[in-house]
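Colleague: sequence first, predicted model second:
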Amino acid sequence: MPDPIALFLPSLKTGGAERVMVELANHFSSLGYPVDLVLVEKKGDFLRDVSPAVHIVDLKSRRTLNALIPLISYLRRRRPAGLISSMVHCNIVALLARSLARVQTRILIRQENTMSRAARNAPTKRGRRIPWVARRIYPKADAIIAVSNGVAHDLSESLNIPRRRIRTVYNPCAIEKVVLSRKQPVDHRWFVPGAPPVIVSMGRLHPQKDYGTLLKAFRIVSADREARLLIMGEGNERDRLTALAREVGISDSVSFPGSFTNPFPYLARAQVFVLSSRWEGHPLVLAEALACGITIVSTDCPSGPQEVLEGGRYGILVPMGDPEAIAQGIMKALDSPFPPELLMKRAEEFSVDIIAREYLNLLFG
C-alpha cells in the first residue's frame, strides 16, 4: 500500500477549516489514496461526516502544542507521503514535528485568515505574537497555501515571505452535497407561502462576524418593509446580540436558532444571504450560498468576498461596519435578485474535485 496522505488539525468541531479538511480527506479517499485524518483531539460534530474509508488518528492531546510528541511518533510510524495542515498553531507544530522526526514527509500548510488582522484582534498576548513565531517557522514548509489572494498578500507582508512562495488555493465547496441537501424540508414558522421575505446569515456568533452591525442594518430595512432575519450559528455573543435586538426594537423579527446540521434548505428558501464580517480569508459560506442560488450581500472585508463575488459580478459588496450601506444592499437584493443560474454556475468553480486536484499537484507534482 502506498504511503498515506495526512491531514492535521485540532479537532472536527463546527467551522470552515474543519469542513474543508473533511471534504478534502473524503475526496482524496474516493480517488483511491490512503488517508489519515490526524486530530489533536478526536471530537466535534464533523466526525459524523468523515468517510469510513478515512483513517482517523487521535493524538489524544488537549492542546495543539501538547500534540507535538504524539505527532512526531505518528510521522515516524506512518511516514505519510504528504501532510496538509490547517490553522496557525497546527502549522507550526507540524513543521516542528517533521524536523524533530527527521522524516521526508512533504508538508503543505494552509493559512485560513488574514494573519495581521487575526493577530491584531487576538484576545491574548500569545495570540498577538503568532506572526513573530510564524515568521521563523512557515518558510520551512514545502508549500504555503493561502485561501485567497488577499490572504496571500497579507501573509507575505506580515511574515516577510516572498509572494511567489505562497500559492492561492480557494476553499472547496461540496456542490453536489449542497444541491441535494437544499431540497430537504425546513422546520421554521417563517418559511411558509406568502410570508414576508427572509434574510439569512450564518456563522459563529463572534465579533469577527459583526452581527451587531447587521442587526442595526436590519432595523433600517424593517422601517422600510416587512421582513425577517435568521442568523444561524452559536457563539459567545448570543446574549449581547439578543439584547441588542431587543434594544433596537426588532426582536420579534429576528431569530437565533443555533446551528443546523443542514442549513442549506434555509439558504435556498430565503431571499437574501448577508455576510457582515470585519475580516475573512475565503468564506466557504459564500460559495455555499452561491450553490443555493441565493442573492448575496457581503461586506467588502479583507479579503475573500471580493474574490468570491468577483468585485460584485456575483453579489453586492458593501463597506464594513456601515449599517446604512448594508441595509441599502439588502433592499437592492430584495428588489433585484441575481439570477440563480448565474450564481450556481459560479459556485461550480469552487468544486471539491477542482480544488482537491490542486492540492494533489502540490503534494506530488
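Modeller: That came through fine.

Colleague: domains in the protein, as residue ranges please.
Modeller: In the assignment given by automatic domain parsing, the structural domains of the chain cover 5-169, 176-349.

Colleague: with Ile355 as the reference, name the closest of the ones you listed.
Modeller: Counting by CB to CB, Ile355 lies closest to domain 5-169 out of these; the figure is 6.3 Å. In this view, the C-beta of every residue, glycine as well, is placed from N, C-alpha and C.

Colleague: residue ranges for the strands of the stretch 151-300 of the chain, please.
Modeller: 166-168, 198-202, 228-232, 254-258, 272-275, 295-299 (DSSP state E, counting those that start in this stretch).

Colleague: residue ranges with poor pLDDT in the stretch 51-200 of the chain?
Modeller: Along the stretch 51-200 of the chain, segments meeting pLDDT under 70 span 118-119, 121-123, 125, 127.

Colleague: out of the domains of the chain, the one nearest Glu358 is which?
Modeller: Using CB to CB, the nearest of these to Glu358 is domain 5-169, at 4.9 Å.

Colleague: CA atoms of the strand or helix carrying Gly329 as PDB?
Modeller: Taking DSSP states H and E as the definition, Gly329 sits inside helix 323-335. Coordinates of each C-alpha in helix 323-335 appear next as PDB, following Å, rounded to 0.1, in the frame of the first residue of the first chain:
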ATOM      1  CA  PRO A 323     -25.500  49.700   8.800                       C
ATOM      2  CA  GLU A 324     -26.900  52.100   6.200                       C
ATOM      3  CA  ALA A 325     -24.900  50.600   3.400                       C
ATOM      4  CA  ILE A 326     -25.800  47.000   4.400                       C
ATOM      5  CA  ALA A 327     -29.400  48.000   4.600                       C
ATOM      6  CA  GLN A 328     -29.400  49.600   1.200                       C
ATOM      7  CA  GLY A 329     -27.600  46.500  -0.200                       C
ATOM      8  CA  ILE A 330     -30.300  44.200   1.300                       C
ATOM      9  CA  MET A 331     -33.200  46.200  -0.100                       C
ATOM     10  CA  LYS A 332     -31.500  46.300  -3.500                       C
ATOM     11  CA  ALA A 333     -31.100  42.500  -3.300                       C
ATOM     12  CA  LEU A 334     -34.800  42.100  -2.400                       C
ATOM     13  CA  ASP A 335     -35.900  44.300  -5.300                       C
END
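
Colleague: now it against strand 198-202, angle please.
Modeller: 120 degrees (axes from the mean of the first three to the mean of the last three CA atoms, to 10 degrees).

Colleague: show me what helix 323-335 is packed against.
Modeller: With contacts defined as 3 or more CB pairs under 8 Å, 6 or more residues apart in numbering; DSSP states H and E, helix 323-335 has these neighbours: helix 211-224, strand 272-275, strand 295-299, strand 316-318.

Colleague: out of the ones you listed, which gets nearest to Ala245?
Modeller: Shortest distance between Ala245 and these, using CB to CB, is found for helix 211-224: 5.6 Å.

Colleague: which positions within the closest one qualify as buried?
Modeller: Judged by neighbour count (16 or more other CB atoms under 10 Å), helix 211-224 contains these buried residues: Tyr211, Gly212, Thr213, Leu214, Leu215, Lys216, Ala217, Phe218, Arg219, Ile220, Val221, Ser222.

Colleague: could you export the helices and strands packed on helix 323-335 as a markdown table, including distance to Phe28?
Modeller: Formatted as a markdown table, those follow (distance: least, CB to CB, whole Å):
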| stretch | distance to Phe28 |
| --- | --- |
| helix 211-224 | 35 |
| strand 272-275 | 29 |
| strand 295-299 | 30 |
| strand 316-318 | 34 |
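
Colleague: what's stretch 11-30 in contact with?
Modeller: With contacts defined as CB atoms under 8 Å, 6 or more residues apart in numbering, stretch 11-30 is touched by 5, 7, 9, 35, 37, 39-47, 49-51, 53-54, 84, 86-87, 110, 112, 171-172, 174, 204, 234, 259, 283-285, 352-353, 355-356, 359-360.

Colleague: so which of those belong to helices?
Modeller: Leu284, Val285, Val352, Asp353, Ile355, Ala356, Tyr359, Leu360 (DSSP state H).

Colleague: hmm, Thr168 and the fifth one touching each other?
Modeller: So that's Ile355. No. In this structure, Ile355 sits apart from Thr168 without contact. The criterion is CB atoms under 8 Å, and the distance is 11.2 Å.

Colleague: neighbour count winner among these two?
Modeller: Ile355 (19 against 16; other CB atoms under 10 Å).

Colleague: and that one, what pLDDT?
Modeller: The predicted local distance difference test score for Ile355 is 97.

Colleague: for it, which non-adjacent residue is spatially closest?
Modeller: Nearest non-adjacent residue to Ile355, counting by CB to CB, 6 or more residues apart in numbering: Pro172, 3.7 Å away.

Colleague: wait, doesn't that neighbour sit right on Phe350?
Modeller: Yes. Under the criterion of CB under 8 Å, Pro172 is in contact with Phe350, at a separation of 6.2 Å.

Colleague: in the helix or strand encompassing Ile137, which residues are buried?
Modeller: Following DSSP H and E, one finds Ile137 within helix 130-137. Residues Ile130, Pro131, Ala134, Ile137 are the ones in helix 130-137 that count as buried (16+ other CB under 10 Å).
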